[in-house]
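K.L.:
here is the input, now give the coordinates:
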Amino acid sequence: MPLPILYAAEITGAETTGYETDVTFRGFPWGTSMNEFIGRMGNPISREEINGLSSLLWENVEVNGYMTYMVVYFSSAGLQGGTYYFLTYSIDELMQCYSELREELRGRFGPTNLFHGILREMRHYECFWNLEGGSVHLKTNTRQDIPVTLWFASPELTRLITGG
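P.N.:
Next comes the predicted model:
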């Protein structure tokens, strides 16, 4: 199944691409209840409670042709975020996965400072978009064996984590 949240939004009648500022996770808006999410996604393989957040884990979730582990975060207010951990089995597959996702995210949310100097691109293998409707963080680290990780967070969760 292709990643349902990765696409470029075209402005009707214009030749330019408009960038999105709204962030969702798998098409679910922030605040979706845990029961509704589970009802559509099926039962998770595990649950954990940490600092007032419930973390639910699913395995074998297909995203852009890659298998992932998916962790979804809920507070008492509902859905707050989600993370995909991509299962790649070679450095070439890892780099291809990261590059494909980075280009799709840039098409959806705009360039990072690699192109315009406005948004932060921390390293060649890490991109971050802090948007009105939430944040998106894509990263990998081949030297430390960190998989391609794609994280989506609501504005509330972003503030909690960044302290902003």
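K.L.:
for residue 153, which non-adjacent residue is spatially closest?
P.N.:
Taking C-beta to C-beta, 6 or more residues apart in numbering, and ignoring the residues beside it in sequence, residue 153 has residue 81 as its nearest neighbour in space, at 4.0 Å. For every residue, glycine as well, the C-beta is placed using N, CA and C.
K.L.:
could you export stretch 34-43 as PDB, CA atoms only?
P.N.:
Listed next in PDB are the C-alpha coordinates belonging to stretch 34-43 (Å, rounded to 0.1, in the frame of the first residue of the first chain):
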ATOM      1  CA  MET A  34      -7.700   5.000  20.000                       C
ATOM      2  CA  ASN A  35     -10.800   2.700  19.500                       C
ATOM      3  CA  GLU A  36     -11.500   4.300  16.000                       C
ATOM      4  CA  PHE A  37      -7.900   3.900  15.000                       C
ATOM      5  CA  ILE A  38      -7.700   0.200  16.100                       C
ATOM      6  CA  GLY A  39     -11.100  -0.400  14.500                       C
ATOM      7  CA  ARG A  40      -9.700   0.500  11.100                       C
ATOM      8  CA  MET A  41      -6.100  -0.700  11.600                       C
ATOM      9  CA  GLY A  42      -6.700  -3.900  13.500                       C
ATOM     10  CA  ASN A  43      -5.300  -4.900  16.900                       C
END
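K.L.:
for that stretch, give me every contacting residue.
P.N.:
By C-beta atoms under 8 Å, 6 or more residues apart in numbering, the residues outside stretch 34-43 that reach it are 26, 28, 44, 54, 56, 58, 72, 74, 78-79.
K.L.:
spatially, which two of those are the most separated?
P.N.:
Farthest pair in the contacts of stretch 34-43 (C-beta to C-beta) is 58 and 78. Separation: 17.5 Å.
K.L.:
convert the longest helix along the chain to PDB, retaining C-alpha atoms only.
P.N.:
Determined from DSSP state H, the single longest helix within the chain is helix 91-109. Presented in PDB, the C-alpha positions along helix 91-109 are these (Å, rounded to 0.1, in the frame of the first residue of the first chain):
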ATOM      1  CA  ILE A  91      22.700  -0.300   2.700                       C
ATOM      2  CA  ASP A  92      21.500   0.200  -0.900                       C
ATOM      3  CA  GLU A  93      17.900  -0.500   0.000                       C
ATOM      4  CA  LEU A  94      18.100   1.800   3.100                       C
ATOM      5  CA  MET A  95      19.500   4.600   0.900                       C
ATOM      6  CA  GLN A  96      16.900   4.100  -1.800                       C
ATOM      7  CA  CYS A  97      14.100   4.100   0.900                       C
ATOM      8  CA  TYR A  98      15.400   7.300   2.500                       C
ATOM      9  CA  SER A  99      15.800   9.100  -0.800                       C
ATOM     10  CA  GLU A 100      12.400   8.200  -2.100                       C
ATOM     11  CA  LEU A 101      10.700   9.300   1.100                       C
ATOM     12  CA  ARG A 102      12.700  12.500   1.300                       C
ATOM     13  CA  GLU A 103      11.700  13.500  -2.200                       C
ATOM     14  CA  GLU A 104       8.000  12.800  -1.600                       C
ATOM     15  CA  LEU A 105       8.000  14.700   1.700                       C
ATOM     16  CA  ARG A 106       9.700  17.700   0.000                       C
ATOM     17  CA  GLY A 107       7.100  17.600  -2.700                       C
ATOM     18  CA  ARG A 108       4.400  17.700  -0.100                       C
ATOM     19  CA  PHE A 109       5.800  20.000   2.600                       C
END
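K.L.:
sweet, I'm off.
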